[in-house]
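Colleague: this one's structure only:
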């Protein structure tokens, strides 16, 4: 007991004077206390002196220590007999004081250290479904609504789009609206898209979209996932055209004089060629036959890839030729009031739908060049 009081007194003094006394002085004080303890250890054993004297005798105890023994209370209010007060309590205080003297970071007792502030955790939210619209393997998904529609052209009713949607692995329901539109229309606004008729029942992802007839289409897609999270998207326009261009005014395999007028009809017409050369339309949109020797090849193609080809024969021209007998195809200069004869067979006169029997005679009402075709 005596040894412990000596040591505690020395350490307590070191703590109180820690700010003014160097660490070396404090350590020296502790060493002195330990030396005294070591010296007296042989004399004091379990409260008895070596000769059997009772150490409780006040006359054998220094006055300052006797006071402590009577009071059994340290200056800081700690019970000296408390088993919890030992070397460790003082060593902790000395270590902290030493740290201050060395300029090191101040040590805060572990029991009162502040826990690091935790980052505010945002509430979990369900992700919005992600829509992907592909055509022939290419991503056509668009999320910006409003503006001009760019059209692609196809010549079959095969599946136009492959549509899929996902939401972090959750089930997603698709609603698709394939709208038939005009080529000059703009895509709907986002609010207008929400008001489209989507039908009562959706379909699972993925889905394939296929039209049932020719037309100009725009695909709008809505995806509804967990917690009714909803997303919208659309794909660029597609023109489905399965019909070949139509040529009128001439017939394939027939014979016509050069300069004969014909028309090409197709809503998506891309090009017209005559004898492999680009044909220039007249002011009214019509075209004229151009001879390549005695033949003419007309080709028309639309933007969807549909095409048609006509091959016609050109009449031989005999401008100024005066004859009384028409015996072969060609253009003849005839005079009014004069009698002419057609050879055997059936004949047609350019610009006249009537069919004339050969072997008969005829007259023309005015002078001019007339084209005859025998068939």
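Modeller: Good, I have the coordinates. Please read all numbers here as calculations on a predicted model, not as lab measurements. Residues are numbered from 1 along each chain as shown.
Colleague: who does the closest residue to residue 230 other than its chain neighbours bridge with?
Modeller: Counting by Cβ to Cβ, 6 or more residues apart in numbering, residue 224 is the residue found nearest to residue 230 once chain neighbours are left out, at 5.2 Å. Heads up, the C-betas are built off the backbone N, CA and C, glycines and all. Following DSSP bridges, residue 224 is listed with bridge partners residue 173, residue 230.
Colleague: All further residue positions should be reported with the first residue as 28.
Modeller: From this message on, residue numbering opens at 28, which makes the last subject residue 251.
Colleague: Next, count neighbours for residue 251.
Modeller: Residues lying near residue 251 (other Cβ atoms under 10 Å) number 19.
Colleague: That one contacts residue 156, doesn't it?
Modeller: Yes - assessed by Cβ atoms under 8 Å, residue 251 is found in contact with residue 156 at 7.3 Å.
Colleague: so what's in contact with these two at the same time?
Modeller: By Cβ atoms under 8 Å, 6 or more residues apart in numbering, residue 251 and residue 156 have these common neighbours: 199, 257.
Colleague: What count of nearby residues applies to residue 157?
Modeller: Residues lying near residue 157 (other Cβ under 10 Å) number 16.
Colleague: Surely it is in contact with residue 196?
Modeller: No - counting by Cβ under 8 Å, residue 157 does not reach residue 196; the two are 11.4 Å apart.
Colleague: Could you pull up phi and psi at residue 219?
Modeller: phi -70, psi -40 (degrees, to the nearest 10).
Colleague: okay, it: pLDDT?
Modeller: Predicted confidence (pLDDT) for residue 219: 94.
Colleague: do the same with residue 330
Modeller: pLDDT, residue 330: 96.
Colleague: tell me the contacts of it?
Modeller: With contacts defined as Cβ under 8 Å, 6+ apart, residue 330 is in contact with 180, 266, 268, 295, 296, 297.
Colleague: Just the buried residues of those residues.
Modeller: Neighbour-count burial within the contacts of residue 330 applies to 180, 266, 268, 295, 296; the criterion is 16 or more other Cβ atoms under 10 Å.
Colleague: Which pair of these spans the longest distance?
Modeller: Pairwise distances among these were taken by Cβ to Cβ; the largest, 12.3 Å, belongs to 266 and 296.
Colleague: what domains does the record give for the chain?
Modeller: The domain map for the chain lists 29-135, 157-267, 273-341, 352-401, with the assignment taken from automatic domain parsing.
Colleague: Perfect, I'm done here.
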